[in-house]
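Participant: missing the sequence, but the structure's below:
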């Protein structure tokens, strides 16, 4: 990539953090679904947390959240938000999913969040394997993923060259059904899927069997 992904997101971070969520109704619905599964004693892990908004919203509902992003500027913003909101049970760290240490059995997570990130990862199968290892038996994995493969061919052909040239982050041409099948192949069961209207984004609740 001409622009290293971390540098790209460091450059974009402040502007990204100032932008309002385009579809607030859909975002709130995803938050509500996730919240319905969370317990006060839960420990949660979020990867690709960006500026930390989702983790900070869920923080009052759980015991602790570890949230990571490979962009140092995104993590700086997240820490600023946590300080301003006086939230102390979220630890933001600069890390990739692959570099995050695997916990021992007694310290695995009750829930994992991967919001707007799976379609940006260079190796989806490795990521799903890493997530599965991080989770306790019976834990839940919440993900919201852009499925470019479900978009019109025109949109895909318009975006693909920018990713190939390294001018934008490369987006995997996933389809929602394919994503669900790949999750199943890595040991997850699919609890539910939801899409706002005909949107290409799919929200999946998956579970690691007991």
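Facilitator: Good, I have the coordinates. All figures in this text were calculated on a predicted structure; none of them were measured in a lab.
Participant: which residues touch the helix or strand where residue 36 lies?
Facilitator: Element membership for residue 36, per DSSP states H and E: helix 24-37. Outside of helix 24-37, the residues within contact range by C-beta atoms under 8 Å, 6 or more residues apart in numbering are 21, 54, 57-58, 61, 111, 113, 115, 140, 142, 144, 192, 194, 196, 199, 201, 203, 205. Quick note: C-beta positions are derived from backbone N, CA and C, even for glycine.
Participant: so which bits of it are buried?
Facilitator: 26, 27, 30, 31, 34, 37 (16 or more other C-beta atoms under 10 Å).
Participant: do the same with stretch 130-139
Facilitator: Using 16+ other C-beta under 10 Å as the test for burial, stretch 130-139 gives 130, 131, 132, 134, 135, 136, 139.
Participant: ok now that stretch, how far from the chain's centre?
Facilitator: Centroid separation for stretch 130-139 versus its chain: 15 Å, with C-alpha atoms, centre = their mean, to the nearest Å.
Participant: any regions of the protein where pLDDT drops low?
Facilitator: Within the chain, the ranges that satisfy pLDDT under 70 run 1-3, 105, 152-169, 198.
Participant: show me where it has helices.
Facilitator: 5-18, 24-37, 53-58, 72-84, 124-134, 153-164, 176-185 (DSSP state H).
Participant: max-length strand in the chain?
Facilitator: For the chain, the strand that runs over the most residues, judged by DSSP state E, is strand 135-146.
Participant: and that strand, which strands flank it?
Facilitator: Strand 135-146 sits in its sheet next to strand 109-115 (parallel), strand 201-207 (antiparallel), going by DSSP bridges.
Participant: want to throw these into a markdown table with mean neighbour count and distance to residue 181?
Facilitator: Listed next are the strands paired with strand 135-146 as a markdown table, based on neighbours: other C-beta atoms under 10 Å; distance: least, C-beta to C-beta, whole Å:
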| stretch | mean neighbour count | distance to residue 181 |
| --- | --- | --- |
| strand 109-115 | 23 | 17 |
| strand 201-207 | 22 | 11 |
